[in-house]
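Enquirer: just coords:
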């Protein structure tokens, strides 16, 4: 069971015998969130993550086994993937840290898969009139899995690029407002300065007469 912090948020999707979790979560500044999964021995698991928004789009990530041995440890990664086959039964931990950031929240996407998918046509080995049709179905099944994965990453890239565009628009807007205010200040300053020149000249003329 995959758990978030002390609340143990359980998110489990079953596809054949492959178990997977996809979620997007907010990682506050100076904070760390961990996920826990109990696995059997000799089970392969895969982790994919990507920072969608916030700061420089990077987080620290590490994975440990039931004996707290570090299996994966990377600093300030924008995205990455990790695969491992368990050597023992127990609870494996995946942690994401934003403790190096003092004021920037991050939005992180995580996909956790474990287990092995059985063949789509397992047990259908006899020769029948539907063999060609069954082979076509198996091929379509594999292609659709690739399409689904591609669509997921395309959505993530779109969300990542949209967030960057929004931040750029915000900066351009603030810069434009600042330039406008600066132009007004300079214009008013020039008018005041010119008026002070004429005022001093009138005063000097009146004194000489």
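Expert: Cool, got the structure. Everything numeric in this text was worked out from a predicted model, so none of it was measured. Residues are numbered from 1 along each chain as shown.
Enquirer: now do the buried residues in stretch 147-166.
Expert: In terms of neighbour count (16 or more other C-beta atoms under 10 Å), stretch 147-166 has its buried residues at 156, 159-160, 163. C-betas here are computed from N, CA, C, even on glycine.
Enquirer: could you give the mean pLDDT of it?
Expert: For stretch 147-166, mean pLDDT is 78.
Enquirer: which SS class is the residue nearest the centre of the chain?
Expert: Nearest to the mean C-alpha position of the chain, by C-alpha atoms, centre = their mean, lies residue 51 at 2.0 Å. Here residue 51 is strand, with the state taken from DSSP: H, G, I helix; E, B strand; the rest coil.
Enquirer: re earlier: ok, the buried residues of stretch 147-166 vs residue 102, which is closest?
Expert: For the buried residues of stretch 147-166, the minimum distance to residue 102 (C-beta to C-beta) is 19.9 Å, reached by residue 163.
Enquirer: does residue 160 touch residue 54 like I think?
Expert: No: between residue 160 and residue 54 there is no contact under C-beta atoms under 8 Å: 10.6 Å.
Enquirer: need the overlap of contacts for these two.
Expert: Both residue 160 and residue 54 lack any common contact, where contact means C-beta atoms under 8 Å, 6 or more residues apart in numbering.
Enquirer: helices and strands of this structure: which one has the lowest mean pLDDT?
Expert: Ranked by mean pLDDT, DSSP states H and E, the helix or strand of the chain with the weakest confidence is strand 13-15, at a mean of 35.
Enquirer: average model confidence for the next helix or strand along the chain from it?
Expert: Using DSSP states H and E, the helix or strand that follows strand 13-15 towards the C-terminus is strand 18-27. For strand 18-27, mean pLDDT is 79.
Enquirer: do the same with stretch 40-48
Expert: For stretch 40-48, mean pLDDT is 90.
Enquirer: who's in contact with that stretch?
Expert: So stretch 40-48 is contacted by 37, 39, 63, 72, 79-89, 92, 94, 110-116 (C-beta under 8 Å, 6+ apart).
Enquirer: any buried residues in it, and which?
Expert: 43, 45, 47-48.
Enquirer: how close does residue 192 sit to residue 198?
Expert: Counting by C-beta to C-beta, to the nearest Å, the gap from residue 192 to residue 198 is 11 Å.
Enquirer: ok, residue 36 next?
Expert: Taking C-beta to C-beta, one finds residue 36 at 78 Å from residue 198.
Enquirer: which one's more surrounded, the two?
Expert: Using other C-beta atoms under 10 Å, the more surrounded residue of residue 36 and residue 198 is residue 36, with 15 against 9.
Enquirer: quickly list what the more buried one is bridged to.
Expert: Residue 36 has these beta-bridge partners by DSSP bridges: residue 3, residue 93.
Enquirer: out of the contacts of stretch 40-48, which end up buried?
Expert: 37, 39, 63, 79, 82, 84, 86, 92, 94, 110-115.
Enquirer: domain ranges for the chain?
Expert: 3-118, 128-202 (automatic domain parsing).
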